[in-house]
Structures are given as structure tokens and as C-alpha cells.
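Have a look at this prediction, sequence included:
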Amino acid sequence: MSDTIRVSAAELKITPYGHDFTLVGPMVKGTGVYDDLFARAIILNHNKTDFAIITMDLVGLDIEMTDKIRDAVRHEMKIPAENVMINYSHTHSAPITAPWHITGNEEFKKSSWREELVSKAVDLVKNARSNSIDCKIRFGSADVQVGMNRRLKTPEGIAMKPNPDGVVIPWVDAVFFESTEGKLVAALFSHAAHPVNVHSTSTMIGADYPGFAVSEIKKALGSDVVAMFAQGCGGNINSHPLRGGLDSAQKAGENLGQAVVKAMHNSRPVSIKKMGALSLVMKLPFQKPPSVEDCDKILQHWEDRAAQIASGKIKADLYTVYTKEIILSLKDLKEVAATGKMKKLKFEIQCLAVSDEFCIVALMHEVFAEYHLYIKEISPFKDTMVFAYSNGCESYIPCEKDFELGGYEAGKPLDICSSLAYTRLWLEPKIEIKIKEELRETLNKLFSATRDVNNSADRSKLCIR
């Protein structure tokens, strides 16, 4: 047993200078940069096992692109792909790099920046590995609330509006890596809320509140500290106020950064027995598609609407900018309905532990906050950090009750909701039970392995179910 672990950290800019992209929030081409986008990495090495944690100031990447990055790191750096954890901040002041908007995502797929992100991720890990030192680990939490639940029950159904009584994650978790000489090397912190303070109030690229939080931490703890933000289970939480502008993003980020500093001062040491990792891949089923006839009916409605918009008969409203995308998505959905070919959604549960005291759980996609709270409740580890938006972002992961309520994140396949933008179909409501079962089993397995020094399960294993 040792009280130190080899740690290396680095950061580099990934801002797409010289490219012309549509941004997520305003849904128009970017006109400049208010805050650079960064990729950051921490590499942990213990008993000849490497694990890389990478954070990126992006709205997300699809699974195929994420796997490409993980495989490139495996090939170039000899770190197993299942030992590479990639988290996306989900800033909406960034290009459409996730499959949320067909036209915008095609811009990204056809750009050279897509391949640049792969090479930059490899360079990032190389840069980090070049300065490895022995470090101690400390963990801390502090109360802070950047966001508010965004699913408000109204007589008309669920509206995307602030719900003061809804579930939130009102704290920040942070893990600190400190050299044996007492110098802070890196801080990895996580909070759960969509970064949408800026959103459509600016047509400039930036990291929203997480970027301001990083700046606040560096100001307080040192400019050479690698401060990394990881997005938690904020699928049903918006930073508040939505579209509040740059000033509100700065205020939210500063509050979060100050809470991280407080967490450091209140932190406690984490014992390091042996590093273990365990991943499990689930295949989540979708609901059945609507009929071709139903698709044709609603498709005709939106094509008529597009014609009226073009002729000036309809004034611009919230749906005007989305009409083209809705039509393209409905055509995709009609093809699924016609062929009957239904894929299942990949959902990875990735866990990293350095002892039976501390674990990080990373989940794919836009996971609802209730799962975050569930993991905290059932985890056998003394301290557990929970990330969502990790290793691929292609769908929302709501709870069973949310499918019954409906709304943007959990509507029906023909509703004008996010199902049209992502997978075209919604997941089966019963996924919650299965996900929770697998979470409990995976955490218990890893916990047992970290307590048994002679157990060979400290090496990463990838299970598929």
C-alpha cells in the first residue's frame, strides 16, 4: 500500500479558429470567441496501470467519434481504450459536434477540425505524460447551486421552465492532486447543470459558466494548476438563468469556482491501495416507431409550414429556425418506420477507483439528476464522483416517471422534442430499473476488487449486456 500515485496533467486550446460553424445556442454561425475552448487531461498511474481522464469544452461527441479518440490514445499512448474517460462540459456556446442538429452536425463531420480533435487529444495525453510526479489525493465537497430543474408541470404538460421544487444537485465534488512537496498539480471538479447562461444571447464561442469557474480556481490556487470541469447528471437541469447572458455566466462560474476552493480547504486525504477500473456496456431498447402513415401526416404539416414561412405568411417564432431540421428528422423517422430496422442505444457505465474510499462513475449521454442521487446513495465507496456526458452523447436518459409526464427530454416519437434531433425514437421507460441494477452490481464488484489486494480484477474489464 502507498499513499501516493503517479499523476500528470496538461491542457491545450481546441477553439476552432479558422472554421465556420453553427453554434448550439443561437443556431447561427459563430462570429468570434468570448472564451477559448480547452481540452484537459489527468493521467493516473499505479502498479503499472494507466488511466486517462480527459475533459473537453464541447457540447458533446457521438459514440463513434469518441471511440475514435479513445482508440487513438490507445494506439499512440498504449493506454487501454476502456481506461480512457472523456467528459464533455456540454457548453451551448460551441459548434454542433453532437448529433442534435442534422445540418450543423454535418458541418462538423465534413470539417478538418473533427480530425484535429483526435490528434489534439493524443497530443494532450503526450504532453501530460511528460511531467509525471508522485502525488497525494484529497477529496472535498461544498454546497453550491448553479442551476435549476427545468421540467415544470403545467396544465398543458411539461414545459422547459424553472421548477424550484424539482431535483437538482446542489453541491460540487472535487478531487485534488497534490505533489509530495505540497504543490497543487490539478483539480478535477464536477457539478450538474446545462451550461446555458449565455446560449442565444451571444453568437460567440465560449465555455459558458465552466470556463469562468476554471478562471476563478486558477486565480485562487495558481495559474499553473490544471483545473478540469466534468459535467454531472444535468440532463434535466439548466444553469440559471437560461439565456441570462455573459454576466450571469461569469457570476455562476465564479460562485462555482469559489465553492471548489472551499472544497479544497475542507478536503480530506484519500488512501491509495490499488487502482481498479470496471466498465459495463448496456444495450438500451427503443420504443416502437410510429406508422408510416402517421409520419406522413405530421411531415406534411411541417412541409406546409415551411412553405408558409418561405412565402411570409407565418411570422418567425421559436419553431421557425427548427422547421428544416424537423422535416429532415421526420424523414429519417419515416425510413425507420418503413424498414422496421431498430438499433439499440449503447450505454456505458465506466468506473475508476484508487481504493475502497474513492470512485469516479462516468455515464454516457444526457442523464437525469435522479441517477446522480441514486449512485451517491448506493455506492459502497466512501466518496463517489458522478459524471454524465461521458464517452458519447446521443440521447437523454430520463427516469420512468418522466416518460409518463412527457416533455422535451421524454416525449413521444412524433412530438417535436429532442427525440427528433437525436435518435428519432425514445427509449423504453423500463430502462431505469435495468440501469440501476447494473450500476449497483458494477460498483459492488469494483469495491470488492479494491478491497482484495490479491484480486486480479484490478485490471479493466469490459462487459457487454
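Thanks, I have the structure now.

use CA for all of it now, contacts and neighbours both
Noted.

Would you agree E178 is in contact with I137?
Yes. With contacts counted by Cα atoms under 8 Å, E178 reaches I137, the gap being 6.4 Å.

Give me the more crowded residue out of those two.
Counting neighbours by other Cα atoms under 10 Å for E178 and for I137 shows that I137 has the greater number, 23 against 20.

can I assume the more buried one sits in a strand?
Yes. In this structure, I137 lies within a strand as judged by DSSP: H, G, I helix; E, B strand; the rest coil.

And for the residue nearest the centre of the chain, nearest residue in space, chain neighbours not counted?
Averaging the C-alpha coordinates of the chain gives a centre point, and the residue nearest to it by Cα atoms, centre = their mean is Y389 (1.9 Å). With sequence-adjacent residues excluded and distances taken as Cα to Cα, 6 or more residues apart in numbering, Y389 is closest to H365, at 4.8 Å.

Who are the contact partners of the one you found?
If a contact means Cα atoms under 8 Å, 6 or more residues apart in numbering, then H365 has F347, A388, Y389, S390, G392, C393, E394, S395, Y396, I397 as its contacts.

What subset of those is buried?
In terms of neighbour count (16 or more other Cα atoms under 10 Å), the buried residues within the contacts of H365 are F347, A388, Y389, S390, G392, C393, E394, S395, Y396, I397.

Out of those, the closest to K68 would be?
Of all the buried ones among the contacts of H365, the one with the least separation from K68 (Cα to Cα) is G392, at 10.8 Å.

quick check, the closest one in a helix?
No. Counting by three-state DSSP, G392 is not part of a helix but coil.

Need phi/psi at it.
Geometry field for G392 lists phi and psi as phi 140, psi 140, criterion degrees, to the nearest 10.

burial measure for the nearest residue to it once chain neighbours are set aside, as a count.
Leaving aside its sequence neighbours, G392 sits nearest to I63 (Cα to Cα, 6+ apart; 4.2 Å). By the measure other Cα under 10 Å, the count of residues near I63 is 21.

ok, the closest residue in space to F286 that isn't next to it in sequence - how many residues close by?
On the basis of Cα to Cα, 6+ apart, the spatially nearest residue to F286 that is not a chain neighbour turns out to be L427, at 4.0 Å. For L427, the neighbour count with other Cα under 10 Å is 25.

same check, this time on K341
9.

mind listing the strands in the stretch 101-250 of the chain by residue range?
Counting by DSSP state E, counting those that start in this stretch, the stretch 101-250 of the chain has strands at residues 133-143, 147-149, 151-154, 157-160, 171-179, 184-191, 204-205, 226-231, 237-239.

Quick check: which of the ones you listed is buried the most?
Across the strands of the stretch 101-250 of the chain, the average number of neighbours (mean count of other Cα atoms under 10 Å) peaks for strand 226-231, which reaches a mean of 28.

That strand relative to strand 171-179, how many degrees between them?
Relative orientation of strand 226-231 with respect to strand 171-179: 150 degrees, computed using axes from the mean of the first three to the mean of the last three Cα atoms, to 10 degrees.

Name the SS class of E254, please.
On the basis of three-state DSSP, E254 is classed as helix.

got a list of what it touches?
Neighbouring residues of E254 by Cα under 8 Å, 6+ apart: Y209, F212, A213, E216.

ok, now H372?
I169, G232, C233, V386 are the contacts of H372 under Cα under 8 Å, 6+ apart.

next one: P195
P195 makes contact with S89, H90, T91, H92, A207, D208, Y209, P210, N238, S239, according to Cα under 8 Å, 6+ apart.

Now the two most distant members of the residues you listed.
By the measure Cα to Cα, the contacts of P195 have their two most distant members at A207 and N238, which lie 14.7 Å apart.

Count residues in the vicinity of N47, would you?
The number of residues packed around N47, counting by other Cα under 10 Å, is 11.

do V73 as well
The burial count assigned to V73 is 25, neighbours taken as other Cα under 10 Å.

again, but for S130
If we define neighbours as other Cα under 10 Å, then S130 has 11 of them.

Which pLDDT does the model give the nearest residue to it once chain neighbours are set aside?
Here the nearest residue to S130 in space, its sequence neighbours aside, is S8; by Cα to Cα, 6+ apart that works out to 7.5 Å. Per-residue pLDDT puts S8 at 97.

circling back to that earlier point, neighbour-wise, which one of the contacts of E254 leads?
Counting by other Cα under 10 Å, Y209 has the largest number of neighbours within these, with 31 neighbours.

Surely that residue and Q250 touch.
Yes. Assessed by Cα under 8 Å, Y209 is found in contact with Q250 at 6.0 Å.

sorry, back to before: of the contacts of H372, which belong to helices?
Using DSSP state H, the subset of the contacts of H372 located in helices is empty.

returning to that earlier point: as JSON lines, the strands of the stretch 101-250 of the chain with distance to P380 would be great.
Putting the strands of the stretch 101-250 of the chain into JSON lines (distance: least, Cα to Cα, whole Å) gives the following:
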{"stretch": "strand 133-143", "distance to P380": "16"}
{"stretch": "strand 147-149", "distance to P380": "27"}
{"stretch": "strand 151-154", "distance to P380": "31"}
{"stretch": "strand 157-160", "distance to P380": "35"}
{"stretch": "strand 171-179", "distance to P380": "17"}
{"stretch": "strand 184-191", "distance to P380": "20"}
{"stretch": "strand 204-205", "distance to P380": "40"}
{"stretch": "strand 226-231", "distance to P380": "22"}
{"stretch": "strand 237-239", "distance to P380": "26"}
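
Which one of these lies nearest to Y17?
Ranking those by their distance to Y17 (criterion: Cα to Cα) puts strand 204-205 first, at 10.0 Å.

hmm, who's touching that closest one?
The contact list for strand 204-205 (Cα under 8 Å, 6+ apart) reads L23, G30, T31, G32, V33, Y34, D35, D36, L37, S93, A94, P95.

Of those, which is the most crowded?
S93 (34 neighbours).
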